[in-house]
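> how does the following fold in three dimensions:
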Amino acid sequence: EAHVRQWLREKAHMPEEADPQTGLQILWYDSRYHTIFKSIFSVEDICKLIPDESADVCVLEEPEHLNWFRAEGDSWTKKF
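Below you'll find the model as predicted:
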């Protein structure tokens, strides 16, 4: 997370978004590495981590990891 915030400040020139208190909210989810696929997949419903009132925009890094083996719950495409 520190690396992302540093990049926002220094490379993207977005100091407001880089502020951890008032800027971009970064969430992490529990996941597991699957050797056969050489990939990481979520082991929880990520949509439950985000309150509905905060679900206006979601930036997904490698969103396919949330689709191939999706944990139980609504799809993130319904939430956002």
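
> mind checking the longest helix of this structure?
When the chain is parsed with DSSP state H, its longest helix is helix 2-10.

> which non-adjacent residue is nearest Cys58?
Nearest non-adjacent residue to Cys58, counting by Cβ to Cβ, 6 or more residues apart in numbering: Phe80, 4.6 Å away. Every C-beta, even on glycine, is put in place using the N, C-alpha and C of the backbone.

> ah, wrong one, I meant Ala55
Closest to Ala55 by Cβ to Cβ, 6+ apart is Lys79, at 5.3 Å.

> how far away is that neighbour from Pro20?
Lys79 sits 23 Å away from Pro20, going by Cβ to Cβ, to the nearest Å.

> one more: Gln6?
11 Å.

> can you check His34 too?
Distance from His34 to Pro20, counting by Cβ to Cβ: 31 Å.

> so for Ser54, what's the nearest residue that isn't a sequence neighbour?
Per Cβ to Cβ, 6+ apart, closest to Ser54 is Gln25, 7.5 Å.

> ramachandran angles for the one you found?
When read as degrees, to the nearest 10, the backbone of Gln25 gives phi -90, psi 120.

> same thing with Tyr33?
According to degrees, to the nearest 10, Tyr33 has phi -80, psi 130.

> residue contacts, it?
Shown in contact with Tyr33 (Cβ atoms under 8 Å, 6 or more residues apart in numbering): 39-40.
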